[in-house]
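Colleague: Sequence and predicted structure below; questions after.
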Amino acid sequence: MKHLIIIGLGILAFLPVHGQTDIEKTKNTVVKSDIEGHIYFLASDELRGRETGTREADIAAAYLANSFRRYNVKPVNNGSYYQDIKFQMNQPASKLEASLNGTTIEDFVPLNGQNIDYDGTAIFVGYGEESDYTGKNVKGKLVISRAGTPGNDDVRAAMNSAENKRKTAAAHGAIGIIELNNTTSQFWRFIARQANSSRLTPAIDDTSSDQIPYMMIKDTDALLANSFANTKRINAKITVEGAGKTYVNSKNVVGMVEGTDPKLKDEFIIYSAHYDHIGTGKPNEANDSIFNGARDNAIGTVTVLSAAENIGKYPTKRSALFILFTGEEKGLLGSRYYADNPLIPLDKMVYCFNSDNGGYNDTSIATIIGLHRTTAAKHIISAAKEFGLNVIDDPAGEQGLFDRSDNVSFAAKGIPAPTYSLGFTAFDAEINKYYHKTSDNPDTLDYDYLEKFFKSYVLACRRIANDPQTPFWTEGDKYYKKGVELYGKSPVKK
Ligand SMILES: [Zn+2]
C-alpha cells in the first residue's frame, strides 16, 4: 500500500498542470484589486507626478523593481533591475549678443549649452565640409558655415550634418562654429524655443575636444551666407553667457522571464511602458498642482506589471523582457537610450508590445496604435474579444501617435512595435479633460473597464508569445525593410 502511494505521488509530480488554458491563466492572475493598488500608489500625490530626475520618480522605480522581484522576474543587468542613465539639464543663456561686420544679429541662439566671449576674426567655410577648409587657417578663430549640405538646405539635412561640421571645425582648431540657417520662421521658432528653455538631453561628454560652442543664426534666403562667400575675414563679436548644465540621474527598470520552449526561448517579446510623468506645475482652481498621471502612464506601467506577474507565474514559450522607461515625457529619452544600449541584443527581440495612454472615451474598446502594422493583430483582436472588448486601430492619425511614444524607438530599429492604449475614438474634449492635466487622478477611473482592458492585454501577450509563428511587420510597412535588415532574413511564411 505504502509502495503504491509513493509511486502514485511520483507520477503526479511529473504530470503537467493540465487543462489550464491561456484564458484561465490570465483570469487567475489579473485581479481588479491588484490593479487598483498599483495605480493608486503610482498616481498618488506622494509621488508628485513622477518627473524624470526627481526623488519621487526613483521611488516609483524602486516600487517597480520590487514588484518584478515579487513576481519572479529576473534582473538582466549584472544582478540589478536598473539601467542607470545620466541626463543633462541644459540651462539657457542669460545673455546673448551677436554682431557680424558691425551689424547686430537678432536671430541668434546657442545650441549646446557652452558659453563664449569672442571679439575677433571669423572665417567663412562654405558648407563646413572637410574640403572647405583647404587653404584656410581657422586655428583659434570662430568659423561660420551654411547649414545643411551642398544642394540641400532643408531642416533634416541641417540637423543630420551639424555634429560632423562641429567636429570638423574642432579638428581644424576652431574655437566655435556658427551655422547660418536658411529657414522658415516656423522652424526657427522651434529652434529658438528649444535653445531658450531648460531641457533634459542625454549627457554629452564635454571633456572631449570636439565639444566647441555650436550656435545658429537665422539667415532667410541665405543673404548673409551669400554676402560672406567671397570675403576673407569677418569681424565677429559674440557673447553667450550664463548657459550651463547640471547632471540628472534616472533609470529604466528591466527584468526577464525565460521561455519554456527550447527553440522559441531565444526569441524575446518586449513588454514596455513609460513610468515617468510631468511632475508638478501651476495650481488649478482647486489648488491642485500635482499631475498624477493615472492614465498617462500609471495604467500602461501596470499593464506591464500585470503581464510580468502572469508570465512570472506561467512562463510562455518565448522569453519575456519587461522594460519600464524613464524620460518619455522629456522626449522618449529612456526608450531611446535602451534601444541604443540594449542589455540583450536587439536582434533577439522579435516584438515590442508597448503600452501608453492619453485617456479613454469608449469603454467597449481598446485602441491599438499600429494594430494592423504587424501580423500579431489577430491575437490582440481575439484576446480582447474573450473579455468583451472590440479593438480599433489609431483613430487620430493626425496626432502622429505611433511616432510619439516609446514604441517608435524600437520600430526605428526594425522591431515590430505597436502601442496598446485605452479605448478612444478621437482625441476629443473628453480625452483633453484629463490629458496632461492635474485632473488625471486614480479616483476618476472605471476599474471594471480596466479589468477587462488588462485581461485583454495579458491574454494577447500570451498568445503572441506562444504562437509558433514569429510576428513581423505587415508587408509594405515603412519599417518592414528595417526589420529584414535587423534579423538578417525575411519572415518565414507558414
Ligand atoms: Zn504624456
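Modeller: Here it is on my side, so go on. Numbers count the residues shown, from 1 in each chain.
Colleague: and the one helix or strand Glu163 maps to, how far out from the chain's middle?
Modeller: Glu163 belongs to helix 155-171 when assigned by DSSP states H and E. Distance, stretch centre to chain centre, for helix 155-171: 24 Å (C-alpha atoms, centre = their mean, to the nearest Å).
Colleague: Give the other helices and strands that that helix contacts.
Modeller: If you count contacts as 3 or more C-beta pairs under 8 Å, 6 or more residues apart in numbering; DSSP states H and E, helix 155-171 packs onto strand 142-146, strand 176-181. In this view, the C-beta of every residue, glycine as well, is placed from N, C-alpha and C.
Colleague: Going by neighbour count, list what's buried in stretch 44-54.
Modeller: 44, 47-54 (16 or more other C-beta atoms under 10 Å).
Colleague: Show residues contacting that stretch.
Modeller: Stretch 44-54 is contacted from outside by 41-42, 56-57, 59-60, 87, 89, 200, 248-250, 275-280, 290-293, 326-327, 329-330, 333-334, 442, using C-beta atoms under 8 Å, 6 or more residues apart in numbering.
Colleague: by how many degrees do the helix holding Glu163 and strand 176-181 diverge?
Modeller: 160 degrees (axes from the mean of the first three to the mean of the last three C-alpha atoms, to 10 degrees).
Colleague: just to revisit the earlier point, will you turn the helices and strands packed on helix 155-171 into TSV that also has mean pLDDT, mean neighbour count and distance to Lys167?
Modeller: TSV is the format used below for the helices and strands packed on helix 155-171 (pLDDT from 0 to 100; neighbours: other C-beta atoms under 10 Å; distance: least, C-beta to C-beta, whole Å):
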stretch	mean pLDDT	mean neighbour count	distance to Lys167
strand 142-146	96	27	12
strand 176-181	96	26	10
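Colleague: could those go into CSV alongside distance to Asn160?
Modeller: Below are those laid out as CSV (distance: least, C-beta to C-beta, whole Å):
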stretch, distance to Asn160
strand 142-146, 14
strand 176-181, 13
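Colleague: what about those strands, which gets the closest to Asp210?
Modeller: strand 176-181 (10.5 Å; C-beta to C-beta).
Colleague: Partner strands of that closest one, with direction?
Modeller: strand 142-146 (parallel), strand 214-218 (parallel) (DSSP bridges).
Colleague: Make JSON lines out of those strands and add distance to Tyr271.
Modeller: Shown next, in JSON lines, are the strands paired with strand 176-181 (distance: least, C-beta to C-beta, whole Å):
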{"stretch": "strand 142-146", "distance to Tyr271": "45"}
{"stretch": "strand 214-218", "distance to Tyr271": "39"}
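Colleague: Relative to Arg166, tell me which of those strands wins on proximity.
Modeller: Closest among these, once you apply C-beta to C-beta, is strand 214-218, at 5.0 Å.
Colleague: buried ones in the helix or strand following that closest one?
Modeller: For strand 214-218, the following helix or strand on the C-terminal side (DSSP H and E) is helix 223-228. Buried residues in helix 223-228, counting neighbours by 16+ other C-beta under 10 Å, are found at 224-225, 228.
Colleague: again, but for stretch 99-117
Modeller: Buried residues in stretch 99-117 (16+ other C-beta under 10 Å): 100, 105, 107-114, 116.
Colleague: Quick one: list the elements packing against the longest strand anywhere in the chain.
Modeller: Once the chain is assigned using DSSP state E, the strand that runs over the most residues is strand 244-257. Identification of packing neighbours for strand 244-257 by 3+ C-beta pairs under 8 Å, 6+ apart yields helix 55-70, strand 82-91, helix 300-313, strand 319-325, helix 333-340.
Colleague: what does the fourth one contact?
Modeller: Right, strand 319-325. Residues contacting strand 319-325 (C-beta under 8 Å, 6+ apart): 61, 64, 68, 73, 76, 252-259, 265-276, 301, 304, 307-308, 311, 334-335, 338, 344, 349, 406, 461, 465.
Colleague: same thing but at 7 Å, please
Modeller: 64, 68, 73, 252-259, 265, 267-275, 301, 304, 308, 311, 334-335, 338, 344, 349, 406, 465 (C-beta atoms under 7 Å, 6 or more residues apart in numbering).
Colleague: That strand pairs with which strands?
Modeller: Assessed with DSSP bridges, strand 319-325 is paired to strand 244-257 (antiparallel), strand 268-274 (parallel).
Colleague: Put the alpha carbons of it into PDB.
Modeller: What follows is strand 319-325, C-alpha atoms only, in PDB (Å, rounded to 0.1, in the frame of the first residue of the first chain):
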ATOM      1  CA  SER A 319      11.200  34.600 -23.400                       C
ATOM      2  CA  ALA A 320       9.800  37.900 -21.900                       C
ATOM      3  CA  LEU A 321      11.700  41.200 -21.400                       C
ATOM      4  CA  PHE A 322       9.900  43.800 -19.300                       C
ATOM      5  CA  ILE A 323      11.100  47.400 -19.600                       C
ATOM      6  CA  LEU A 324       9.700  50.300 -17.800                       C
ATOM      7  CA  PHE A 325      11.100  53.600 -19.200                       C
END
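Colleague: can you state the direction angle for that strand and helix 55-70?
Modeller: Using the same axes, to 10 degrees: strand 319-325 against helix 55-70 is 170 degrees.
Colleague: ok now strand 319-325, how far from the chain's centre?
Modeller: Distance, centroid of strand 319-325 to centroid of chain: 14 Å (C-alpha atoms, centre = their mean).
Colleague: Dump the helices and strands packed on strand 244-257 to CSV, plus mean neighbour count, distance to Asn196 and mean pLDDT.
Modeller: Formatted as CSV, the helices and strands packed on strand 244-257 follow (neighbours: other C-beta atoms under 10 Å; distance: least, C-beta to C-beta, whole Å; pLDDT from 0 to 100):
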stretch, mean neighbour count, distance to Asn196, mean pLDDT
helix 55-70, 19, 25, 98
strand 82-91, 18, 10, 92
helix 300-313, 27, 32, 98
strand 319-325, 27, 27, 98
helix 333-340, 22, 20, 96
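Colleague: Dump these to JSON lines, plus distance to Glu241.
Modeller: Listed next are those as JSON lines, based on distance: least, C-beta to C-beta, whole Å:
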{"stretch": "helix 55-70", "distance to Glu241": "31"}
{"stretch": "strand 82-91", "distance to Glu241": "11"}
{"stretch": "helix 300-313", "distance to Glu241": "41"}
{"stretch": "strand 319-325", "distance to Glu241": "35"}
{"stretch": "helix 333-340", "distance to Glu241": "28"}
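Colleague: between these, which gets nearest to His372?
Modeller: The nearest among the helices and strands packed on strand 244-257, by C-beta to C-beta, is helix 300-313 at 20.6 Å.
Colleague: Just the CA coordinates for the closest one, please, in CSV.
Modeller: Taking C-alpha atoms only, helix 300-313 is exported to CSV below (Å, rounded to 0.1, in the frame of the first residue of the first chain):
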residue,chain,number,x,y,z
GLY,A,300,0.4,51.4,-19.0
THR,A,301,3.0,50.7,-16.4
VAL,A,302,0.6,48.5,-14.5
THR,A,303,-0.4,46.6,-17.7
VAL,A,304,3.2,45.6,-17.9
LEU,A,305,3.3,44.7,-14.2
SER,A,306,0.3,42.5,-14.9
ALA,A,307,2.0,40.7,-17.7
ALA,A,308,5.1,40.3,-15.5
GLU,A,309,3.1,38.7,-12.7
ASN,A,310,1.3,36.4,-15.1
ILE,A,311,4.3,35.3,-17.1
GLY,A,312,6.4,35.1,-14.0
LYS,A,313,3.9,32.5,-12.7
